[in-house]
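In: 3D model of this:
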Amino acid sequence: MNEQRRFPGPHLGFKCMGLLLMILSISLVASAQLTLRGTANPTISIIAGTAGGTMTSVVNTTSSIRYTRQSVIYKITVKTTCPTQAFTLQVLATGVTRGVAAPAVTLTSGMAAVDFITSIPSAAGWTTATPVLQYTASATFAQGNSAELGNDVHTVLYTLQAQ
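Out: Sure thing, here's the model as predicted:
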């Protein structure tokens, strides 16, 4: 049985180049514990870009995800839904003390769930771990802006499951 909990998510804003609004959803697998900590809806704004320039990125690290030791080795997966996605959004788990973090995951609407933190041990000696969620919003001047394209509204889903 999966239980899903929705949290107001990070508002990622591009003033000249676009605006992303992300809503985090966390799926809880039966008897597993997975919770969102910190700012549930931080704001990221890219103020300006240079015509013909490279990608402009802004990072937000005001949220974290907390998980608890289980009786089996397990992992956390991530995926997103954003029907009118126009801009780039990545997430990276930093400060992982239990398990192995994947490299930064580019969140693309409709993507299949991908491994985010794997090999989370079941061995005694630890109870919880709380890595930081590092979101990176990126855009180029050529991609346009949210006034022209509309906001990116991401629903990001984290799932805890046996590995």
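
In: Burial check on V114, number of neighbours?
Out: V114 has 12 neighbouring residues, counting by other CB atoms under 10 Å. Bear in mind the C-beta positions are built from the backbone N, C-alpha and C, glycine included.

In: pLDDT at it, what is it?
Out: V114 is assigned a predicted lDDT (pLDDT) of 96.

In: which residues pair with A139 across the strands?
Out: Counting by DSSP bridges, A139 is bridged to T56.

In: Could you give the number of residues near G125?
Out: For G125, the neighbour count with other CB under 10 Å is 7.

In: how about the helices in this structure?
Out: Ranges of helices in the chain, per DSSP state H, are 146-149.

In: Where does the prediction get shaky in it?
Out: Low-confidence segments of the chain (pLDDT under 70): 1-32, 40-50, 53, 147.

In: again, only using 90
Out: Low-confidence segments of the chain, defined by pLDDT under 90: 1-66, 68-71, 79-89, 123-127, 135-161.

In: Could you measure from the residue nearest to the spatial centre of it over to A137?
Out: Taking CA atoms, centre = their mean, the centroid of the chain lies closest to V91, which sits 4.5 Å from it. Distance, V91 to A137, using CB to CB, to the nearest Å: 10 Å.

In: from memory T88 sits against H154, does it?
Out: No - if you go by CB atoms under 8 Å, T88 and H154 don't touch, sitting 11.2 Å apart.

In: okay, the two: which has more neighbours?
Out: Using other CB under 10 Å, the more surrounded residue of T88 and H154 is H154, with 27 against 19.

In: any idea how far L34 is from that one?
Out: Computed as CB to CB, the H154 to L34 distance reads 18 Å.

In: for W126, same thing?
Out: W126 sits 16 Å away from L34, going by CB to CB.

In: which one of the two has more residues nearby?
Out: Legend: neighbour count by other CB under 10 Å for W126 and L34, higher for L34 (20 against 12).

In: Now the more buried one. Nearest residue, chain neighbours left out?
Out: Computed as CB to CB, 6 or more residues apart in numbering, the closest residue to L34 that is not its neighbour in sequence is L160, at 4.4 Å.

In: so what's that neighbour bridging to?
Out: Beta-bridge pairing of L160 under DSSP bridges involves I76.
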